[in-house]
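> Here's my sequence, what's the structure:
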Amino acid sequence: MNTVNEKVAKKGVIFDMDGTVWDSSENVARSWTVKVHEAGFTDKTVTREDIQSVMGKPMDVIADTLFTYTEKGPERDELRFACENYENEYLRENGGILYDGVVETWQKLKDMGYHVYIVSNCQAGYIEAFLGYYGIAYGTAEDLVEDIECYGNNFLQKDENIRLLAERNGLTAACYVGDIQSDYEATVKAGFPFIHAKYGFGTIDAEVPVINSFEELIKTVPEVIG
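Numbering: from 1, shown residues only. Below you'll find the predicted structure:
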């Protein structure tokens, strides 16, 4: 008989948000344009393409990229915070484009013994707006999505939040599913394998496992983390 207490295996699949589980760019652009106009920049418009070009970056970097017509400092920060807050409210009411098979695949992964999580570079409240709009239960071991973390909660970089969430939930194995190069780089830095959601917003400059649709995770996840 083995008398050594072995750690019970707990395998997790950690997901990026934008370009991986949904595309909120159109409604984010609409909500941001409202606040840009309210701030007095009535000749400026935030487009879907603008938002897609910066998806995955921390919110302060996004503001520095898109709001170059504002003065860096309090003016830009005020506009950024107004956009963040209204975006959460708008998405909670209007949602985005959920990729096919997300909820069903999450449930299948859970039934297979995997645990589902989300880590994003978004502002605080964004993941909750997504989950709330689609009525997805989260926050406990019994829920579909067991835990979430984001840049807006603690101002940590994505690799730090991936590690933080994995440690907090006692994962013995995990992988991260994302769509852009910075997702891959953060995952490597965090020390986990990466799966590329090729249908998303970016390409990956590395040989990694690829999914062309969300449902393919049912086959790919066991191949990556067992």
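> low pLDDT regions in this structure?
Flagging of the chain using pLDDT under 70 yields the residue ranges 1-7.
> For it, which segments are assigned as strands?
With DSSP state E as the criterion, the chain has strands at 11-15, 22-23, 97-98, 115-120, 147-150, 173-178, 194-197, 210-211.
> which secondary structure elements does the fourth one contact?
Packed against strand 115-120, as judged by 3 or more Cβ pairs under 8 Å, 6 or more residues apart in numbering; DSSP states H and E, are the following elements: strand 11-15, helix 102-111, helix 126-134, strand 147-150, helix 158-168. All C-beta spots, glycine's among them, are computed from the backbone N, C-alpha and C.
> Ok, which of those comes nearest residue 39?
Comparison of those against residue 39 by Cβ to Cβ identifies helix 126-134 as nearest, at 20.5 Å.
> Report the inter-axis angle for the longest helix seen in the chain versus helix 126-134.
Criterion DSSP state H: the longest helix present in the chain is helix 74-94. Orientation note: helix 74-94 sits at an angle of 20 degrees relative to helix 126-134 (axes from the mean of the first three to the mean of the last three Cα atoms, to 10 degrees).
> Show me the contact partners of helix 74-94.
The contact list for helix 74-94 (Cβ atoms under 8 Å, 6 or more residues apart in numbering) reads 24, 27-28, 30-32, 34-36, 38-39, 59-60, 62-64, 67, 70, 123, 125-126, 128-130, 132-133, 152.
> hang on, the earlier thing: out of the helices and strands packed on strand 115-120, which one sits most buried?
Across the helices and strands packed on strand 115-120, averaging neighbours per residue (mean count of other Cβ atoms under 10 Å) puts strand 11-15 on top, at a mean of 24.
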